[in-house]
Each structure stands twice: as C-alpha cells, then as structure tokens.
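Peer 1: no FASTA, just this:
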C-alpha cells in the first residue's frame, strides 16, 4: 500500500528565505513522485516530478526536489521565497505504469513580507 | 481556453437531493478522473475512466455514479445527497493510462455544500 506524509500543515517563511516543504512516502515498488501546487480557488498544477534518472529534479518557479530512496523522502525546496509562492503544496506518489495517485494532506505555505 | 473545465463551480443543495457535476477536457487525453477533496484538504481518488471504460472505482458509495459519454467527458451524478458529501470535487485528466507522462491536469473544482 502507498501513502504520503507531509510534515507540517502550515509553513511560514519570510520573503527571500529558504522554502523547505517535507514529504515522505511509502511504496512497495519504485515510485513516481510529484509535487503539485494549488492556488486559491484553482485546481492543482504540476510543479515537478521524479520518474527515473537524476534524483534532483527542477520544476517551475525555481522549485526543486530531491528523491532520497534511503530516506523515502522527496522534499521540496526553493532558495528564496517570493510572495507569489504562497499557496497549498501537495506531494503525490504513484506506482509505475499506473495512474493511481496518492496525495499527501498538503502544506500551506505563507510568505511574509 | 480552459483545458479541463467543470461545471458548476459552486453547488448548494439540500440533503436528499440528486445533483450532477460535469467535466470536459480539450487536451485529447484518454484518461479522466474524479477526486474528492475534503475539508482537511485530503485529495482522494474516486473514479478513473480510460477511453470511456471504468478502470478505477475506489470504495465510494453507490450513490455516486460516474458516466463517460465519450473520452472528453466525465460526469459525476450523486443521488440522495448527505451532509458528508460536502467537499470540493476535482475532475482531472492524463494523457493515457500507462503513467508514462505522470501528469494530471486538474479542473478548478466544484464546491458542493449539502445543507
């Protein structure tokens, strides 16, 4: 069975500070891993994904995430937060060759001026 | 030119009523989904259709009935609405069933409130 745990339902950072959103997963097979972002009153949009290959993946808006198999983690980072980054972020996992996604409960990022 | 569009965006109704939410995608994708997002923001898959064929049917009450008249449309009909059905329902699509692209495209959500 697969599951996703996002530590911290709310994270608050100052503009310009490092953003770190944590995601741990459990999977019985090599996983595909994703981060999605949800702005208020909108659907989710893909930020980045890991399927195979390089474990450090870069996404849109300066975000990146690193797949660490030994830690079963896929934490999302951004060196310098911008006000426009304020949103809800969801980590998701799916099994190879299946489009069944399991989502974490989300982390709301607040960016202070 | 919205890729995945769902209607209505907001729906307020009484317990016991029947309601439908419609979803259409213009991306040419083969696979469509319904997800339910509860008040704690948990997103859980309900159904998935690939080329009009049901492929995922999670443990969902049979008051919920999806219908896919063609691969560009996936509608959700809910009978005898209950208070616990209040949530945001998201339609999504993906290129195909194989998972090779690994990306879901979401609609903006339909917020259902049952009074």
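Peer 2: Thanks, I have it. The model shown is predicted, which means the values in this text are computed figures rather than measured ones. Residues are numbered from 1 along each chain as shown, chains lettered A, B, ... in the order given.

Peer 1: Identify the residues contacting the residue of chain B found nearest chain A.
Peer 2: With CB to the nearest CB, the shortest gap between chain B and chain A falls at residue B:106, namely 3.1 Å. Every C-beta, even on glycine, is put in place using the N, C-alpha and C of the backbone. Residue B:106 makes contact with A:36, A:43-45, B:4, B:35, B:90-92, according to CB atoms under 8 Å, 6 or more residues apart in numbering or on different chains.

Peer 1: Spatially nearest residue to it (excluding sequence neighbours)?
Peer 2: Nearest residue to residue B:106, sequence neighbours excluded (CB to CB, 6 or more residues apart in numbering or on different chains): residue A:43, at 3.1 Å.

Peer 1: Point out the residues in chain A that sit beside chain B.
Peer 2: Counting by CB under 8 Å from any CB of the partner chain, chain A comes close to chain B at A:32, A:34, A:36, A:41-46, A:49, A:51, A:88, A:90, A:94-101, A:103, A:105-106.

Peer 1: Produce a PyMOL select command limited to the buried residues of those.
Peer 2: Typed into PyMOL, the line below selects the buried ones among these, using 16 or more other CB atoms under 10 Å in any protein chain shown:
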select buried, chain A and resi 32+34+36+43+44+45+46+49+51+88+90+94+95+99+100+101+103+105+106
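
Peer 1: before we move on, back to that, among the contacts of residue B:106, which are located in strands?
Peer 2: Applying DSSP state E to these, the entries found in strands are A:36, A:44-45, B:4, B:35, B:90-92.

Peer 1: Model confidence at the residue of chain B closest to chain A, what's the number?
Peer 2: pLDDT for residue B:106: 93.

Peer 1: what do you get for residue B:41?
Peer 2: As predicted, residue B:41 sits at a pLDDT of 82.

Peer 1: just residue A:63 next, same as before
Peer 2: 97.

Peer 1: ok, now residue A:49?
Peer 2: 91.

Peer 1: Point me to the helix or strand that includes it.
Peer 2: strand A:44-50 (DSSP states H and E).

Peer 1: Just list what that strand packs against, helices and strands only.
Peer 2: Where contact means 3 or more CB pairs under 8 Å, 6 or more residues apart in numbering or on different chains; DSSP states H and E, strand A:44-50 is packed against strand A:31-38, strand A:56-58, strand A:64-68, strand A:73-78.

Peer 1: Perfect, that will be all.
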